[in-house]
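Asks: From the sequence below, what's the structure:
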Amino acid sequence: MSKHFKPGIQIRTLLLISSLFIMRCAGSYYPTTSQESQKTLEFSDRVYEETIRTVQLFPTGNIPFSKYRTPVAPLQGGPQLRLEFDDLKEDNEYYLLRIKNLTSEWEESYVNSIEYLQEYNEFRINDYELSLDTKVKYVHYGVDIPPVKIPGNYLAIVYREGNEEDIILSRRFIVFSEDVLVTGPDELSGFTSFGGHRIDFNVFYKDLNVEDPYNQLRATIRQNGRWDNSKQLLPPTFVKEDQSKLEFRYFDNSNSFPPGNEFRYFDIRSIISPGQFVQGINRQASPVSVNIQRDKPRTGLAYTFYRDINGGFQSVNFDAQNSTYYSDYLEVNFELELDPYDSTRELYVFGALSDWKLSPEAKMYFDGESRTYRTRMLLKQGWYDYMYYQASPGKDKNIIEGDYIDTENFYEVFVYFKPIGRREEFCVGYYQFGVNERIR
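Replies: A predicted model of the protein is given here:
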């Protein structure tokens, strides 16, 4: 029995391990049965079955490191979006894609699909490949997101053929027009403050027919592609109508973000020759077991720059020519030194590898023998950023990693417009930039 499980659930753990062993011998790592009766669509990034892994929605085209870029695309003349994911099964299933328009607050918009799509809202996912030479069998799927006719917030939904309620996954994406111009503040010093990273900016709307700029235009700010700590639908702080200019400059720091720290990372792009921060690997295990180095808290230490990818991951296999379906899934073991034990402490491995969520798989448990917190996650070969996140109520989320004003972070600004008398809400501007960005 793994040491990081609580003693109170030993019996259930043994039963679970036994059932998993039987399923692994059959070639599948997780159960293959549908759980449709328990599924309720959420307008967020979510997987609805444990077999669905490594979901990526990213811009296509000749863009460096496109697969870990955020799912944002221009309405016209730019890269489009592609959805890819794995299903840990030996045989393919018939999956379909549909697109749902949402409000600026990621709620039901009630806009009919005929208003934002050029064809019927049902797209078969015909592009799939079976994994080859892997201990954990899976099917890799891919589908291009169909073009939309209006800019705004959208949700990509994948479901089994014949039943729209049998949902497999959902993913947010944004399509923007360029009806407004978003720029940085007039003074560059506005980017940061001692309270964190304060994101000030301006919006020029002269090409947009706006009657009430204070109430019709709102802005959302996002850090490192995360929605869990985003600043949503901020109103402008000042309007200069003679210049068609809005200023977003909040001196109460309501547009500020805790800077955090550079992300930790590990390199499992190769099983034969593991990369940085891999302490050990058991190639005979099924799935292959990987121990990354034992971590320690970084609070109070001097700031150190890492060339991270802002919490993302890259699915890459150096041991084969094709990373898409030759890459294996590995059982990655995390270990954090944090003593003494605190029964109120809730710790998680956090980042794009956990969908920026407090995933049950990523929750850590205290091991009394080693005096460390531990967990394990099933991850596809690649490069992974991560951090340790404290979810205990009333406690500092970044207490393990620390907050440093010099931390490099990636920010995005989305500008939304609600015409008077219309149901639709449009994303009419987009701006991205880095704070403390270094040459990579």
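
Asks: OK, contacts around the nearest residue to residue 354 once chain neighbours are set aside?
Replies: The shortest distance from residue 354 to any non-neighbouring residue, by Cβ to Cβ, 6 or more residues apart in numbering, is to residue 362 (4.4 Å). For the C-beta atoms, the positions are set from N, CA and C on the backbone; glycine is no exception. Contacts for residue 362 were tallied using Cβ atoms under 8 Å, 6 or more residues apart in numbering; they are 348, 349, 350, 353, 354, 375, 377.

Asks: got it, and residue 91?
Replies: Here residue 91 is in contact with residue 139 (Cβ under 8 Å, 6+ apart).

Asks: mind running it again at 7 Å?
Replies: Taking Cβ atoms under 7 Å, 6 or more residues apart in numbering, we find residue 91 in contact with no residue.

Asks: what kind of secondary structure is it in?
Replies: Recorded secondary structure, residue 91: coil (DSSP: H, G, I helix; E, B strand; the rest coil).

Asks: Starting from the helix or strand where residue 153 lies, tell me which strands it pairs with and how they run.
Replies: Per DSSP states H and E: residue 153 is located in strand 152-160. Sheet pairing here is set by DSSP bridges, and for strand 152-160 it gives strand 95-102 (antiparallel), strand 167-176 (antiparallel).

Asks: Give me the contact list for that strand.
Replies: 34, 41, 43, 57, 83, 93-104, 106, 145, 148, 166-175, 424-427.

Asks: low pLDDT regions in the stretch 151-300 of the chain?
Replies: Low-confidence regions of the stretch 151-300 of the chain, defined by pLDDT under 70, span residues 186-195.

Asks: mind listing the helices in it by residue range?
Replies: For the stretch 151-300 of the chain, the helices defined by DSSP state H, counting those that start in this stretch cover 213-216.

Asks: mind listing the strands for it?
Replies: Applying DSSP state E, counting those that start in this stretch to the stretch 151-300 of the chain gives strands spanning 152-160, 167-176, 181-183, 197-198, 201-204, 217-223, 231-234, 238-240, 245-248, 256-257, 264-267, 278-282, 289-292.

Asks: give me every residue that touches residue 143.
Replies: 83, 97, 123, 125, 127.

Asks: Could you give the bridge partners of it?
Replies: For residue 143, the beta-bridge partners under DSSP bridges are residue 83.

Asks: Tell me the pLDDT of it.
Replies: Confidence at residue 143, expressed as pLDDT, is 97.

Asks: can you tell me how far it sits from residue 88?
Replies: Separation of residue 143 from residue 88 (Cβ to Cβ, to the nearest Å) stands at 18 Å.

Asks: hang on, the earlier thing: can you give me phi and psi for the residue nearest to residue 354?
Replies: phi -90, psi 0 (degrees, to the nearest 10).

Asks: Equivalent analysis for residue 344, please.
Replies: With angles defined as degrees, to the nearest 10, residue 344 sits at phi -90, psi 0.

Asks: Run a quick neighbour tally on it.
Replies: As a burial measure, residue 344 scores 8 neighbours (other Cβ atoms under 10 Å).

Asks: who are the neighbours in contact with it?
Replies: Residue 344 makes contact with residue 392, according to Cβ under 7 Å, 6+ apart.

Asks: Residue 311 reaches residue 385, doesn't it?
Replies: Yes: Residue 311 lies in contact with residue 385 (Cβ atoms under 7 Å); the separation is 4.9 Å.

Asks: Spit out the residues that contact the two alike.
Replies: 263, 351.

Asks: higher neighbour count, the two?
Replies: Set residue 311 next to residue 385 and count neighbours by other Cβ under 10 Å: residue 311 wins out with 27 against 23.

Asks: nearest residue to the more buried one other than its sequence neighbours?
Replies: residue 351 (4.2 Å).

Asks: Ok, residue 42 next?
Replies: Closest to residue 42 by Cβ to Cβ, 6+ apart is residue 170, at 6.5 Å.

Asks: Who does that neighbour form a beta bridge with?
Replies: residue 46, residue 157.

Asks: got it, and residue 238?
Replies: For residue 238, the beta-bridge partners under DSSP bridges are residue 247.

Asks: Surely it touches residue 248?
Replies: No: if you go by Cβ under 7 Å, residue 238 and residue 248 don't touch, sitting 8.6 Å apart.

Asks: quick one: the residue nearest to residue 354 from residue 356, how far?
Replies: Distance from residue 362 to residue 356, by Cβ to Cβ: 11 Å.

Asks: Then residue 365?
Replies: In this view, residue 365 and residue 356 are 21 Å apart by Cβ to Cβ.

Asks: So between the two, which is more surrounded?
Replies: Neighbour count, other Cβ under 10 Å: between residue 365 and residue 356, residue 356 has more, with 19 against 15.

Asks: okay, residue 75: pLDDT?
Replies: Note for residue 75: predicted pLDDT of 96.

Asks: ah, wrong one, I meant residue 375
Replies: pLDDT, residue 375: 97.

Asks: who touches the helix or strand hosting it?
Replies: Following DSSP H and E, one finds residue 375 within strand 372-380. Contacts to strand 372-380, defined as Cβ under 7 Å, 6+ apart, come from residues 3-4, 29, 53-54, 86, 287, 294, 315, 327, 329-338, 347, 349, 353, 361-367.

Asks: What about the residues you listed, which are in strands?
Replies: 53-54, 86, 329-337, 347, 349, 365-367 (DSSP state E).

Asks: List buried residues within those.
Replies: 53-54, 86, 329-336, 347, 349, 366-367 (16 or more other Cβ atoms under 10 Å).

Asks: Taking those together, which two end up most distant?
Replies: 86 and 366 (31.4 Å; Cβ to Cβ).

Asks: Next SSE downstream of the strand holding residue 375?
Replies: Downstream of strand 372-380 (by DSSP H and E), the next one is strand 383-390.

Asks: burial count for residue 170?
Replies: Neighbours of residue 170 (other Cβ under 10 Å): 20.

Asks: and what of residue 129?
Replies: 16.

Asks: One more: the one 3 residues further on?
Replies: Using other Cβ under 10 Å as the criterion, residue 132 is surrounded by 12 other residues.

Asks: pretty sure residue 309 is in contact with residue 385, am I right?
Replies: Yes: the pair residue 309 / residue 385 is scored as a contact, 5.5 Å apart, by Cβ under 7 Å.

Asks: Domain map for the chain?
Replies: 31-176, 181-259+406-435, 264-390 (automatic domain parsing).

Asks: For the ones you listed, give me CSV that also has distance to residue 396.
Replies: Listed next are the domains of the chain as CSV, based on distance: least, Cβ to Cβ, whole Å:
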stretch, distance to residue 396
domain 31-176, 25
domain 181-259+406-435, 9
domain 264-390, 7
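
Asks: Looking at these, which is nearest to residue 399?
Replies: domain 264-390 (5.2 Å).
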